[in-house]
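S.K.: Next come a sequence and a model predicted from it.
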Amino acid sequence: MIKLMLSFLIWSLIIVVVLLFAGVIFEQYSRWRLERTAFNGKIFVEINGKPLHYVKKGHGNCTIVFQSGMGSSHRVWEEIQDSISPHAVTISYDRNGLMLSEDTGIPVTNDHISHELQLLLEKTKCPKPYILVGHSMASVYLRPFIRRNVQDISGIILAEAANPKLAKEASPELLKALRIPPDWLIKSVVNTGIYRAVFSFIPISREIPFAHPLHRQERDFFYRSYHKVLEELKNDSLNFKDAEKYPSFGDIPLTVIMGTSEVRYAGIKKSSIKDEFRLLVNEGQHELLKLSSNSQLVKAQNSGHLLQINDKELLIKEINKMLKNQCFY
């Protein structure tokens, strides 16, 4: 009996090792195939000694600047950028270390991201004034840029903006419910092909439909971004604290768009934790209105956190409204 169990364990181990080895080969082959064409037709500018990928479209007398949230690439804005570009210059990009942009090795801080954006806008000759459209952590990352360029910013739209309130006031139970897997596990599943294989059959997120192009993009190219995603996560407390140094945008027109769909809370089973999360999100979004003396709150009923996917028409409408009021197209 003991010999039989030992034999079973040995063969199980051999099978696991073989499967992992096959997964690594599958992952490396997939990356090779993707990178044969991934950079074709793409445009880059050198920032801090490394190529940074950007997409610039449109013509006009001002620029709509899209800034993505934590770990997101320019692709999250693609449909919205295409809709806005007939009326203005638009620019989206991959921050250093994300998607097609190479990692500069510079730590992820609000100051660095703001400086990177400054250089990008200058080198690509984007016309002023700017209307900033930021998602999630972009509301934190953009604070130094807004302070330094207040005279050149004619409007700000914060879509589902991050607020330090959530991290500071959340209960241990809520933080546990929102906790992501440990770094070693994420690295393991990405490098052994498990991540790619699993999300070839199920959605990455409840808010990204399986058939949506962004799902395929995130599944195929996460290997290029996950190191920087983990770095951004590690630095979020530092960046939240730094953002508190910039409590006001003055009287710059500010639109805060808040997703109200229950899809955001679908992954939380305990009703009391779900209620706490809902309350903190609501309070946090309303608190962001204090950043400007000229602010408004817009509720997106079809979306949770990813407005760009599930309520893009509303987001396009609000951008066009600000564009008409501030850039007179």
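M.R.: Great, that's in hand.
S.K.: any chance you could map the strands in the stretch 151-300 of the chain?
M.R.: Counting by DSSP state E, counting those that start in this stretch, the stretch 151-300 of the chain forms strands over residues 153-159, 254-259, 295-300, given from the N-terminal end onward.
S.K.: Which one of those lies nearest to residue 84?
M.R.: Minimum separation from residue 84 across the strands of the stretch 151-300 of the chain (C-beta to C-beta) falls at strand 153-159, 11.1 Å. In this view, the C-beta of every residue, glycine as well, is placed from N, C-alpha and C.
S.K.: which residues touch that closest one?
M.R.: Under the criterion C-beta atoms under 8 Å, 6 or more residues apart in numbering, residues 62, 129-136, 138-139, 146, 249, 252-257, 288, 292, 307-308, 315, 318-319, 322-323, 325-327 lie in contact with strand 153-159.
S.K.: Walk me through the regions of this structure where pLDDT falls short of the threshold, as ranges.
M.R.: For the chain, residues meeting the criterion pLDDT under 70 lie at 1-4, 6-8, 11-12, 16-17, 328-329.
S.K.: pull the longest helix from it.
M.R.: Secondary structure of the chain per DSSP state H: the longest helix is helix 2-35.
S.K.: State the separation between it and the centre of the chain it belongs to.
M.R.: 33 Å (C-alpha atoms, centre = their mean, to the nearest Å).
S.K.: Going by neighbour count, list what's buried in that helix.
M.R.: In terms of neighbour count (16 or more other C-beta atoms under 10 Å), helix 2-35 has its buried residues at 23, 27, 31.
S.K.: Those into JSON lines, with extra columns for distance to residue 73?
M.R.: Conversion of the buried residues of helix 2-35 to JSON lines gives the following (distance: C-beta to C-beta, whole Å):
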{"residue": "23", "distance to residue 73": "24"}
{"residue": "27", "distance to residue 73": "20"}
{"residue": "31", "distance to residue 73": "16"}
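S.K.: three-state assignment of residue 131?
M.R.: The assignment at residue 131 comes out as strand when based on DSSP: H, G, I helix; E, B strand; the rest coil.
S.K.: Count residues in the vicinity of it, would you?
M.R.: Neighbours of residue 131 under the rule other C-beta atoms under 10 Å: 25.
S.K.: Residue 78 too?
M.R.: For residue 78, the number of neighbouring residues by other C-beta under 10 Å comes to 17.
S.K.: Return the distance of stretch 230-237 from the chain's centre.
M.R.: Average the C-alpha atoms of stretch 230-237, do the same for its chain, and the two points are 13 Å apart (C-alpha atoms, centre = their mean).
S.K.: Can you tell me what sits against that stretch?
M.R.: Here stretch 230-237 makes contact (C-beta under 8 Å, 6+ apart) with 70, 71, 97, 107, 108, 109, 137, 140, 167, 180, 183, 186.
S.K.: Now with 10 Å, please.
M.R.: Identification of contacts with stretch 230-237 by C-beta atoms under 10 Å, 6 or more residues apart in numbering yields 69-72, 95, 97-98, 103, 107-110, 112-113, 137, 140-141, 162, 164, 167-168, 180, 182-183, 186-187, 225, 239, 242.
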